[in-house]
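Chemist: missing the sequence, but the structure's below:
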Ligand SMILES: NC(=O)c1ccc[n+]([C@@H]2O[C@H](COP(=O)([O-])OP(=O)(O)OC[C@H]3O[C@@H](n4cnc5c(N)ncnc54)[C@H](O)[C@@H]3O)[C@@H](O)[C@H]2O)c1
């Protein structure tokens, strides 16, 4: 069974702690201590007020379900403490210098950094882009304006540009664009639309290369507690953890 430390006890942390997928949570940490205590009462795992105590506990892997800033702040230390890291706030890896440094540390420490598929699908297939290149990679995301705290009455394009620029404007909403770009080995062209008529978080991906064409559409149910987040993202972490130690590895 994978034993983990959970960094971030919000919406996704709650789904992970509340699951019966057989994950052994050894430590909880959140910058708002009450959130970690709340999950502690629910799961029985101990909550820590200081990151330095949280990271010294006995487990193999930290699951980050917190924020881009949390990855920037703690990822290096996680690896230096000899633990693997699951990064859900993949937007943090958009900065090439930060990413290179983290990969170097992971290599030196013989640790691994996992980016789960999160709110998207098809990252496994898109990795062919790293082998033969990809001449087109487009992500079109559509959300209800309320999930972005916007009051817009009709369907509207609010961002068009490269993934690495998008993350600066929408750090809590565009982890998917960065995960796609990392999988495919090239920056995705991103469009973000808001549509008051939708109650889903919709991601449409179009990729073209020597392999042919890939079209993906995911319509996510927004999480009731945090409409910017999709339930699928929490499930993708549970699936990653469940399969981590399986002798049969599918679709990597
Ligand atoms: N890759 C994907 O497809 C994908 C999908 C959904 C969410 N996400 C990302 O996952 C993260 C968690 O999502 P959520 O819906 O659970 O968010 P949430 O806001 O419900 O919970 C985040 C929790 O982390 C804590 N936190 C934030 N920054 C912290 C820090 N620096 N140190 C310690 N604790 C910190 C917050 O206090 C909060 O309790 C977000 O960054 C979100 O953007 C990624």
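Modeler: Structure's in. What do you need? Since the model is a prediction, treat every value here as computed from it, not as a measurement.

Chemist: what residue lies at the spatial centre of the chain?
Modeler: For the chain, the residue sitting closest to the mean C-alpha position, by Cα atoms, centre = their mean, is residue 88 at 2.3 Å.

Chemist: isn't residue 147 right next to residue 223, touching?
Modeler: No - contact criterion Cβ atoms under 8 Å: residue 147 and residue 223 do not qualify, at 10.1 Å. C-beta here means a position set from N, CA and C on the backbone, and glycine is covered the same way.

Chemist: quick revisit: report the contact partners of the closest residue to the residue nearest to the centre of the chain other than its chain neighbours.
Modeler: Leaving aside its chain neighbours, residue 88 sits nearest to residue 65 (5.0 Å; criterion: Cβ to Cβ, 6 or more residues apart in numbering). Taking Cβ atoms under 8 Å, 6 or more residues apart in numbering, we find residue 65 in contact with 6, 7, 8, 10, 12, 13, 16, 88, 89, 234, 237.

Chemist: In helices, which of those fall?
Modeler: 12, 13, 16, 234, 237 (DSSP state H).

Chemist: Got a PyMOL select line for the buried ones in those?
Modeler: PyMOL command restricting these to the buried ones, with burial defined by 16 or more other Cβ atoms under 10 Å:
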select buried, resi 12+13+16+234+237
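
Chemist: I'd like to know how far residue 224 sits from residue 147.
Modeler: When distance is defined by Cβ to Cβ, to the nearest Å, residue 224 is 12 Å away from residue 147.

Chemist: more neighbours, those two?
Modeler: The neighbour count for residue 224 versus residue 147, taken as other Cβ atoms under 10 Å, is higher for residue 147 (18 against 8).

Chemist: now the more buried one, what's its secondary structure?
Modeler: helix (DSSP: H, G, I helix; E, B strand; the rest coil).

Chemist: how far away is the nearest residue to residue 169 once chain neighbours are set aside from the ligand?
Modeler: Spatial nearest neighbour of residue 169, excluding adjacent residues (Cβ to Cβ, 6+ apart): residue 159 at 6.2 Å. In this view, residue 159 and the ligand are 16 Å apart by Cβ to the nearest ligand atom, to the nearest Å.

Chemist: In contact with residue 159, which residues?
Modeler: Residues in contact with residue 159 (Cβ under 8 Å, 6+ apart) are 166, 169, 170, 190, 191, 192.

Chemist: in the stretch 1-150 of the chain, which spans are helices?
Modeler: For the stretch 1-150 of the chain, the helices defined by DSSP state H, counting those that start in this stretch occupy 11-18, 33-43, 51-54, 68-80, 96-109, 123-126, 129-132.

Chemist: Quick check: closest non-adjacent residue to the residue of the chain positioned farthest from its centre.
Modeler: Largest separation from the mean C-alpha position in the chain: residue 153, at 29.6 Å (Cα atoms, centre = their mean). Counting by Cβ to Cβ, 6+ apart, residue 153 lies nearest to residue 196, which is 6.2 Å off, once chain neighbours are set aside.

Chemist: Please apply the same query to residue 56.
Modeler: That would be residue 81: by Cβ to Cβ, 6+ apart, it lies 7.3 Å from residue 56.
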